[in-house]
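[1] Make a model of this:
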Amino acid sequence: MTALQAITFDLDDTLWDNRGVMLRTEEGHYAWLLEALSIWRATRHEAPLPLGYEEGIADYLQRRQQFAKDVPERRGDFTWLRLRALEAQLEAEDLPRSAAILWAAAAMNEFHRLRVQVSPHPEAAGLLSALSERYQLAAITNGNIHLKRQPLAAYFPVAIAAGELLAPKPDHTPFLTALSKLNVSPECAMHVGDSWSEDILPAQQLGMHAVWVSSDTDQPLPPRVHRIAHIKELPDVLDRVESSLA
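    Numbering: from 1, shown residues only. Now for the predicted structure:
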């Protein structure tokens, strides 16, 4: 049997709970933009923008969705979508294009500052440290977190941001890119993630082992797919897989 050589990990809602940080990031960076713009315009003796938080953030979302439809190859590049949407919104509020570009970039800097403030599960660092002694590790994410600014980055010499490849999961490209960088064939690798459609199915289709982090116990599992409720259960799965491959 073929030995397991590498493990690839999804990040959001696999190694940490992403819901709280995304809410704080979504609300925080846009509120920061409106406040910073108000202060900037006051120093220039200019009237505040007639843009309130609620209507502004709703318009921001609508513009992101429209850009995703208009430029489908960028639909998974969330940073690009946000930048373009903010630029367009600020230009629509009569900011000069140069100022719109600068302020949109500043807002995205704040977005990434907040976005990286995730709290990995307490078991994550120790688990990855132990696994790195036995396997090659990689991260594959559709999210736009700057992994290099996160403490777990040290465990992932290979990190794939699928949106930047213009091929978000479930496209096979980010998986194949990671495996190529690791120089490992799919049947010698395992992917761990929380999304059935974006993580488990594409990995299984490629011939990888897959571990689904989910509380859903009704979904039948195809061959080479395992289910755990929390990442801390992964070592038990690995023991079973390794025993079956021995």
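[2] residue contacts, the residue most central in space within the chain?
    Centroid-nearest residue in the chain: G143, 1.8 Å away (criterion: Cα atoms, centre = their mean). By Cβ atoms under 8 Å, 6 or more residues apart in numbering, the residues touching G143 are L11, D12, N18, F78, A161, G163. C-beta coordinates here come from the backbone N, C-alpha and C atoms, glycine included.
[3] Swap in 10 Å and give it another go.
    Going by Cβ atoms under 10 Å, 6 or more residues apart in numbering, G143 touches 10-13, 18, 22, 76, 78-79, 115, 118, 161-163, 168.
[4] ok, now L165?
    By Cβ under 10 Å, 6+ apart, the contact set of L165 is G76, D77, D171, T173, P174, T177.
[5] Could you do A99 as well?
    Contacts of A99 (Cβ under 10 Å, 6+ apart): L37, W40, R41, E87, L90, E91.
[6] With neighbour count and secondary structure added, can I get those residues in a markdown table?
    Formatted as a markdown table, these follow (neighbours: other Cβ atoms under 10 Å; DSSP: H, G, I helix; E, B strand; the rest coil):
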| residue | neighbour count | secondary structure |
| --- | --- | --- |
| L37 | 21 | helix |
| W40 | 13 | helix |
| R41 | 15 | helix |
| E87 | 21 | helix |
| L90 | 23 | helix |
| E91 | 15 | helix |
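[7] Would you check which pair of those lies furthest apart?
    Greatest spatial distance in the contacts of A99: R41 and E87, 17.3 Å, computed using Cβ to Cβ.
[8] Excluding sequence neighbours, find me the nearest residue to F78.
    Distances taken as Cβ to Cβ, 6 or more residues apart in numbering place N144 nearest to F78, at 4.4 Å, with adjacent residues excluded.
[9] same question, P222
    Take P222 and drop its neighbours on the chain: the residue closest to it by Cβ to Cβ, 6+ apart is Q204, 5.8 Å away.
[10] sorry, back to before: show me which of the contacts of G143 is closest to M108.
    For the contacts of G143, the minimum distance to M108 (Cβ to Cβ) is 6.4 Å, reached by T79.
[11] and the closest one, that's in a helix?
    Yes - assignment of T79 by DSSP: H, G, I helix; E, B strand; the rest coil places it within a helix.
[12] what sits against it?
    Here T79 is in contact with M108, F111, H112, R115, G143, N144, H146, A161, G163, E164 (Cβ under 10 Å, 6+ apart).
[13] quick one: the second one from L83, how far?
    According to Cβ to Cβ, to the nearest Å, F111 and L83 sit 10 Å apart.
[14] Report how many residues lie close to G76.
    23 (other Cβ atoms under 10 Å).
[15] Need the three-state assignment for it.
    Applying three-state DSSP: G76 is coil.
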